[in-house]
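Undergrad: Need coordinates for the following:
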Amino acid sequence: MRFIRGPVIGALATCMALSSTLTGSAVAGAAQAAPDARTTQTAFGLAATGYGTRVQGGSVPAESGRTAFSIIACTKLAGLEKRNQLAGVNLEGVRVKGISTQQKTTRETSARNGKAVSARSLTKVTSVGVGSAITGLKISGLRLRTRAFHDDRGFRTEREVSFADITLNGVPVLNTGSPGDVIDVPGVATVTFLGGRSQRSRTGARVSAKGLRIELDGTNTVITVGSAFSRITNKVPAGVLGGFGRAGNARVLDGTIVSGKLAVQILPCQGTNGEWIRNPTARLALPGTLVIGGAVGSARGDQFSKRKAYGQTRGKIARAAIGGKGLVIKAIKAQANVRKDGNRLIKTAKGTSVGSITVNGNPRSVPAAGQTVNLAGVQVTGRKVVRTKFGIRVIALQVKIRGVETKVNLGEAFTRITPN
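TA: Numbers count the residues shown, from 1 in each chain. Prediction:
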């Protein structure tokens with residue numbers, strides 16, 4: 001670990017790549033053939049995610065979920081692509097600009113390794129500023145790339161983390177950016193350069209890449225900048241489990257705030273061996289519009305045989321204050337359940353509930369499924385359930401706030417099992 005305080009003068013390479021591979025893994029950045037233009041079925045479960053920033057702890061009143069979050073959940077299809085982007089976010093002295101994320105599943109052929117099936121993720125950040133433009137740290141051209149894949153040599157991974165330029169107090173920083181390096185910006189934050197992890201076995205491979213961890217001075221706030229993740233597995237006897245539990249999804253349609261998805265927990269393709277896995281987020285605040293506390297996304301599932309499997313996802317919120325007009329909703333929970341029993345899929349919303357609704361402390365009735373009521377200038381719609389061929393999606397409550405063009409789903413869960 002190298003700890004840097006104050007300016008360090010020197011030249012930095014145009015692109016400083018921190019590429020990591022496991023034994024037997026391909027070299028990061030190796031040229032690959034173009035993916036098939038059409039969507040095709042594979043024998044593997046594939047997943048990929050990415051985000052720009054994530055805030056944990058402290059009291060930063062801004063996006064505390066994952067910004068520019070994009071995901072290809074669990075699928076056996078090659079040829080899929082997802083994208084997301086965000087112009088920027090300002091988090092108390094930390095300015096992040098130009099976030100973009102992209103995920104792909106591909107099937108390609110190379111002369112060296114034959115046919116390959118891949119889950120790919122790419123996250124790019126134009127710039128990260130910590131402190132002022134004159135007396136602070138600036139990191140430009142952050143790029144994270146992951147690939148988990150299977151070819152004629154088995155399961156393998158690739159990972160890249162790179163920066164185009166790093167300056168401190170306007171002076172180029174020399175020989176830093178390796179995983180574990182630390183730069184202190186006095187009175188503002190401590191910045192740690194991350195890296196990632198790779199894992200492979202006979203049944204699959206997974207790889208992650210992380211950019212920066214920024215710990216704000218005088219608070220308990222930690223900001224992660226840049227994440228990419230890819231996974232592939234053949235451990236899907238009954239089919240591909242998929243879906244997510246998330247606390248909510250806020251959209252401010254005038255474009256001033258994009259909160260996106262809050263406390264998202266993905267259900268892995270193969271399940272979780274029956275154990276609940278959780279992604280909590282302490283607080284989300286959209287000034288004058290929405291304050292959410294105690295947000296948790298959860299998921300679990302298992303595959304017992306070719307004929308039996310199950311998946312469950314939950315999105316929970318302890319308390320939501322909406323519209324700044326005294327509307328408070330407590331104990332929100334959405335739950336989506338799918339069970340495979342032979343050739344049958346049983347899909348239910350059992351476990352979905354709302355504890356209470358008050359306006360200025362006065363109790364109000366929770367609207368029935370699909371019913372819309374007006375409370376303190378806010379449209380509140382009761383439970384929404386949509387069943388698809390292989391799954392079920394549940395929204396515990398949906399609110400629309402007049403005047404600011406905001407739509408918020410409170411408590412969301414989606415579960416599916418795509419049979420082999």
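Undergrad: right, and residue 273 touches residue 302 too?
TA: Yes - the pair formed by residue 273 and residue 302 meets the contact definition of C-beta atoms under 8 Å, at 5.9 Å. The way it works is simple: take the backbone N, C-alpha and C, and place the C-beta from them, glycine included.
Undergrad: Please put the alpha-carbon coordinates of stretch 305-317 into PDB.
TA: Extracted C-alpha coordinates of stretch 305-317, given in PDB (Å, rounded to 0.1, in the frame of the first residue of the first chain):
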ATOM      1  CA  SER A 305     -33.500 -31.500  -9.300                       C
ATOM      2  CA  LYS A 306     -34.600 -31.100 -12.900                       C
ATOM      3  CA  ARG A 307     -38.200 -31.100 -11.700                       C
ATOM      4  CA  LYS A 308     -38.100 -29.100  -8.400                       C
ATOM      5  CA  ALA A 309     -36.900 -25.500  -7.600                       C
ATOM      6  CA  TYR A 310     -38.100 -22.300  -6.100                       C
ATOM      7  CA  GLY A 311     -37.300 -18.600  -6.000                       C
ATOM      8  CA  GLN A 312     -38.400 -15.700  -3.700                       C
ATOM      9  CA  THR A 313     -37.600 -12.000  -3.800                       C
ATOM     10  CA  ARG A 314     -38.600  -9.100  -1.500                       C
ATOM     11  CA  GLY A 315     -38.500  -5.400  -1.500                       C
ATOM     12  CA  LYS A 316     -39.000  -3.700   1.900                       C
ATOM     13  CA  ILE A 317     -39.200  -0.100   3.200                       C
END
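Undergrad: Leaving aside the residues adjacent along the chain, what's closest to residue 38?
TA: If you skip the residues right next to it in sequence, residue 38 has residue 79 as its closest partner in space, 5.9 Å away by C-beta to C-beta, 6 or more residues apart in numbering.
Undergrad: With residue 410 instead?
TA: residue 397 (4.4 Å).
Undergrad: From residue 262, how far out is the one you found?
TA: Shown here: residue 397 relative to residue 262, a distance of 14 Å by C-beta to C-beta, to the nearest Å.
Undergrad: So what does the residue nearest the centre of the chain have for phi and psi?
TA: Nearest to the geometric centre of the chain sits residue 69, at 4.8 Å (C-alpha atoms, centre = their mean). Backbone dihedrals for residue 69, given as degrees, to the nearest 10, come out at phi -70, psi 130.
Undergrad: That one contacts residue 48, doesn't it?
TA: No - because the distance of 11.9 Å does not satisfy C-beta under 8 Å, residue 69 is recorded as not touching residue 48.
Undergrad: Please name the residues that touch residue 214.
TA: Residues in contact with residue 214 (C-beta atoms under 8 Å, 6 or more residues apart in numbering) are 94, 130, 189, 190, 191, 192, 222, 223, 224, 225.
Undergrad: Mind checking which of these are in helices?
TA: Using DSSP state H, no member of the contacts of residue 214 falls within helices.
Undergrad: What about the residues you listed, which are in strands?
TA: Filtering those for membership in strands, criterion DSSP state E, returns 94, 130, 189, 190, 191, 192, 222, 223, 224, 225.
Undergrad: Now residue 306: which helix or strand?
TA: Under DSSP states H and E, no helix or strand contains residue 306.
Undergrad: Make CSV out of the contacts of residue 214 and add distance to residue 310.
TA: Supplementary listing: the contacts of residue 214 in CSV, determined by distance: C-beta to C-beta, whole Å:
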residue, distance to residue 310
94, 42
130, 45
189, 44
190, 44
191, 43
192, 40
222, 35
223, 36
224, 32
225, 37
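Undergrad: Kindly indicate which of the residues you listed lies nearest residue 157.
TA: Taking C-beta to C-beta as the measure, residue 224 is the one of these closest to residue 157, at 20.7 Å.
Undergrad: what's the burial count for that closest one?
TA: Look at residue 224: counted by other C-beta atoms under 10 Å, it has 18 neighbours.
Undergrad: gap between the residue nearest to it when sequence neighbours are not counted and residue 67?
TA: The spatially closest residue to residue 224, leaving aside those adjacent along the chain, is residue 54, at 4.5 Å (C-beta to C-beta, 6+ apart). Distance of residue 54 to residue 67, given as C-beta to C-beta: 8 Å.
Undergrad: Comparing the two, which residue is more hemmed in?
TA: residue 67 (26 against 19).
Undergrad: Residue 413 and residue 385 touch, don't they?
TA: No - with contacts defined as C-beta under 8 Å, residue 413 does not count as touching residue 385, sitting 10.0 Å away.
Undergrad: which of the two has more neighbours?
TA: Neighbours per residue, other C-beta under 10 Å: of residue 413 and residue 385, the larger number sits with residue 413, 31 against 16.
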